[in-house]
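Asker: sequence and predicted model, in that order:
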Amino acid sequence: MYQSTFGPPGIIALATRINHKENAAKYETDEVSIIKDRIKKAAKTHDVTVGK
């Protein structure tokens, strides 16, 4: 998986994209969980609030 740093707008965009069923369907269930955990970690680091 490609790693990069994102600012608050990028974190929000990533959270929005992965929460759409058609985008999440491209990944295995465990991969989606990992992606969401990484987004949450980045959001916490940048003091950004994201849903679920």
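Answerer: It's in.
Asker: and the one helix or strand Glu31 maps to, what's buried?
Answerer: Using DSSP states H and E, Glu31 sits in helix 29-45. When burial is assessed from 16 or more other Cβ atoms under 10 Å, helix 29-45 yields the following buried residues: 32, 35-36, 39, 42-43. From N, CA and C alone the C-beta is placed, and that goes for glycine too.
Asker: OK, contacts around Ala15?
Answerer: Residues counted as contacts of Ala15 (Cβ atoms under 8 Å, 6 or more residues apart in numbering) are 36, 39, 43, 50-51.
Asker: if we use 7 Å, what do you get?
Answerer: Residues near Ala15 by Cβ atoms under 7 Å, 6 or more residues apart in numbering: 39, 50-51.
Asker: tell me the mean pLDDT for the helix or strand harbouring it?
Answerer: If you go by DSSP H and E, Ala15 is part of helix 8-18. With pLDDT averaged residue by residue, helix 8-18 scores 91.
Asker: ok, then the element right after that helix?
Answerer: Sequence-wise, the next helix or strand beyond helix 8-18 is helix 21-24, with elements assigned using DSSP H and E.
Asker: which residues touch that following helix?
Answerer: Taking contacts as Cβ under 7 Å, 6+ apart, the residues outside helix 21-24 that touch it are 17-18, 32.
Asker: need those residues in TSV with distance to Lys26, can you?
Answerer: Below are the contacts of helix 21-24 laid out as TSV (distance: Cβ to Cβ, whole Å):
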residue	distance to Lys26
Arg17	10
Ile18	10
Val32	9
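Asker: where does the chain dip in pLDDT?
Answerer: Judged against pLDDT under 70, the low-scoring parts of the chain cover residues 1-5, 52.
Asker: give the buried residues for stretch 8-17.
Answerer: Neighbour-count burial for stretch 8-17, with 16+ other Cβ under 10 Å as criterion, is recorded at 11-12, 14-15.
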